[in-house]
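> the following block contains a protein sequence and its predicted model.
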Amino acid sequence: MFWAFLTQSLINGLLTGGVYGLIAVGLTLIFGVMKIINFAHGSLMMLGMYATFWAWSALHLDPYASLIVSVPLLFVLGALIQKFLVAPVMNAPEHNQLLLTLGIALFVENAALFAFTADPRFVQTHYLSVNYYVGPLTIKLVHLIAFGASLLITLLLYLLLSRTDLGKAIRAAAEEPEGALLMGIDVRRIFWISFGIGSACVGAAGTLISPFFPVDPHVGGLFVITAFVVVVLGGMGSFGGALLGGIIVGVGESVGAMFLPGSMKQMVTFVLFVLILLFRPNGLFGRRMA
Amino acid sequence: MLELQRISAGYGEVQILREVSLEVPAGGIVTVVGANGAGKTTTIRAISGTLPLLGGRLRFQDEDITAVPAHRRVERGLVQVPEGRKIFAALTVRENLELGSYSAKARARRADSLERVFHLFPLLRERIRQPGGTLSGGEQQMLAIGRGLMALPSLLMLDEPSLGLAPLIVRDIFRIVAEINRTGTTVLLVEQNVQQSLALATRGYVLENGAITRAGSGEELLADPYLKEAYLGL
């Protein structure tokens, strides 16, 4: 009984962890390229969830099909935020950048509160009740799809970064902006594209969890803190680290919930966070900062 | 080919270049020599557009490029190999080179350019899958020059290519710069290594405290008693 319970927790954690990974991949891309910590990441996810909810409730669009809405929408929004709000503070001290992204988060959340009210909304589909049973284990279809799609999107992004000229230009600009500029790469353009891609990732994550997670204006806060832990765990700016870190945190959380009272399950995340900062401040896969 | 007309530039409040004028004729090697802090790197960054001008005008191939952004200057064939190489350490040698041919025009000739670079630097072919950061200093300088060549420069600007390299490798680098020039690329060389860089130059300038103080052919400058005393210690 105990082992079945543990395996179940591991599976749940793994499936959730994939989504955490996708959220963190977006965050780590933005950080890696621009060295900006984007506190608005969670509120962008919330917008992705609302896009899915409204596409479902007003247009009767299948929540998964609404990826074609949430991904481009969040890409454009992220690109605009970078171009008009973040770009002017790119060379400013870090605390100014921090205040800016935090301010954007507050603004977006309160705008959502004003526009959509504080009521939690829920996309209701028949998917939610589909379960697969393997022996004593239950696997929910919605979790499986969220996990699979998150991995697929991360893989696509990996291919973009490693195989295409745009991807190589992004990595070059991340590492050596002036060197990239001297190769004829329009680094300012790379910056808004990267912010757009990072935002599109978290928008996609928002869509993928919508079928099993209600959306309200403050939902992003829950995820963004976890995503920060994941990014630090994986190593700031490390891509594979973000994905694996997501899975580690997901599993840690879910197994922790077995032993801790429900309201304390996030404690595992934070204990993990403190341990990383103490023993591996560069993360599991981070390169040593010069 | 390139003309600086009374260029002033600097960092923030600090003005470094004061009305520098110089000319790079097509086909030659022009060398700008000067001590540390004289404004050599500032000059080359002002030309490549990575540093905004405080005054003056820039002309390249009979067009005013003062307002052209840095990445567009590369497309026009004005290519800088930066001081300290600034190669992409985490990217492989191949990826570094490919990024050199980023503009559409250079991309169309990527395969040819790669062959040309490998012909000049056979070592790079052996290192093609290695991350740029694992190369030695000399190899990194070769990679930086190779990456610059991938952009199909009509004017290649080199900022202190000999910096921090062993004398034998410096000789190699200068030999290759001369070879690049022979195959039709105009070169602007900014160097602290006065002797070897002026020996190569068709025309030379001396930069001191942000202003041009002497100009002439490479031979003339090497024979100049003032230069001999101040820079060559003779």
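Everything's here; your move.

> give the residue spans of chain A that score low on pLDDT.
By pLDDT under 70, the low-scoring segments of chain A are A:286-290.

> OK, contacts around residue B:200?
Residues near residue B:200 by C-beta atoms under 8 Å, 6 or more residues apart in numbering or on different chains: B:29, B:31, B:174, B:177, B:178, B:189, B:218. (Each C-beta comes from the backbone N, C-alpha and C, glycine too.)

> just the helices in chain A please.
Counting by DSSP state H, chain A has helices at residues A:2-34, A:41-57, A:67-81, A:94-116, A:141-163, A:165-175, A:177-182, A:187-209, A:219-234, A:239-259, A:265-279.

> need the ones you listed in CSV with mean neighbour count, can you?
Converted to CSV, the helices of chain A look like this (neighbours: other C-beta atoms under 10 Å in any protein chain shown):
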stretch, mean neighbour count
helix A:2-34, 23
helix A:41-57, 25
helix A:67-81, 20
helix A:94-116, 15
helix A:141-163, 17
helix A:165-175, 22
helix A:177-182, 24
helix A:187-209, 26
helix A:219-234, 24
helix A:239-259, 22
helix A:265-279, 15
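
> where does the helix-or-strand element of chain B with minimal mean pLDDT sit relative to the chain's centre, distance-wise?
When the helices and strands of chain B are scored by mean pLDDT, DSSP states H and E, helix B:225-227 comes last with a mean of 85. Relative to its chain's centre, helix B:225-227 lies at 25 Å (C-alpha atoms, centre = their mean, to the nearest Å).

> can you check stretch A:98-105 too?
For stretch A:98-105, the distance to the chain centre is 17 Å (C-alpha atoms, centre = their mean).

> could you measure from residue A:155 over to residue B:150?
29 Å (C-beta to C-beta, to the nearest Å).

> what mean pLDDT does the lengthiest helix in chain B have?
Using DSSP H, we find that the single longest helix of chain B is helix B:167-182. Taken as a whole, helix B:167-182 has a mean pLDDT of 93.

> go on, stretch B:125-138?
Mean pLDDT, computed over stretch B:125-138, is 94.

> show the end-to-end separation of that stretch, please.
15 Å (C-alpha to C-alpha, to the nearest Å).

> buried stuff in it?
Buried residues in stretch B:125-138, counted by 16 or more other C-beta atoms under 10 Å in any protein chain shown: B:127, B:131, B:132, B:135, B:138.

> what are the contacting residues of the least confident helix or strand of chain B?
B:194, B:206, B:214, B:221.

> those residues: which two are farthest apart?
B:194 and B:214 (11.6 Å; C-beta to C-beta).

> tell me which of the two has more neighbours.
residue B:194 (22 against 16; other C-beta atoms under 10 Å in any protein chain shown).

> distance of residue B:28 from residue B:59?
To residue B:59, residue B:28 is 16 Å away according to C-beta to C-beta.

> from chain A, how far out is residue B:102?
Taking C-beta to the nearest C-beta, to the nearest Å as the measure, residue B:102 falls 5 Å from chain A.

> residue B:217 too?
Counting by C-beta to the nearest C-beta - residue B:217 and chain A are separated by 29 Å.

> same question, residue B:191
Taking C-beta to the nearest C-beta, one finds residue B:191 at 18 Å from chain A.

> center of chain B - which residue?
In chain B, the residue lying closest to the centroid (C-alpha atoms, centre = their mean) is residue B:158, at 1.6 Å.

> so it, which of the three states?
When classified by DSSP: H, G, I helix; E, B strand; the rest coil, residue B:158 comes out as strand.

> how much space between it and residue B:197?
Taking C-beta to C-beta, one finds residue B:158 at 9 Å from residue B:197.

> quick check: neighbours shared by these two?
Joint contacts of residue B:158 and residue B:197 (C-beta under 8 Å, 6+ apart) are residue B:189.

> OK, contacts around the residue of the stretch 1-150 of chain A found nearest chain B?
Of all residues in the stretch 1-150 of chain A, residue A:32 sits closest to chain B, at 10.5 Å by C-beta to the nearest C-beta. Taking C-beta under 8 Å, 6+ apart, we find residue A:32 in contact with A:174, A:236, A:237, A:238, A:239.

> so which of those residues also contact chain B?
Residues shared between those and the neighbourhood of chain B: none [C-beta under 8 Å from any C-beta of the partner chain].

> and chain B, which residues reach chain A?
Contacts of chain B with chain A, taken as C-beta under 8 Å from any C-beta, map to B:48, B:50, B:69-72, B:74-75, B:79-82, B:85-91, B:95, B:98-100, B:102-103, B:106-107, B:147-148, B:151.

> how does chain B divide into domains?
Taking automatic domain parsing as the reference, chain B has its domains at B:1-77+B:155-160+B:185-234, B:82-152.

> just put these in CSV and tack on distance to residue A:60.
What follows is the domains of chain B, written out as CSV (distance: least, C-beta to C-beta, whole Å):
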stretch, distance to residue A:60
domain B:1-77+B:155-160+B:185-234, 45
domain B:82-152, 43
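
> looking at the ones you listed, which is nearest to residue A:265?
The nearest among the domains of chain B, by C-beta to C-beta, is domain B:82-152 at 36.3 Å.

> quick one: the closest one to chain centroid distance?
The chain centroid and the centroid of domain B:82-152 are separated by 15 Å under C-alpha atoms, centre = their mean.
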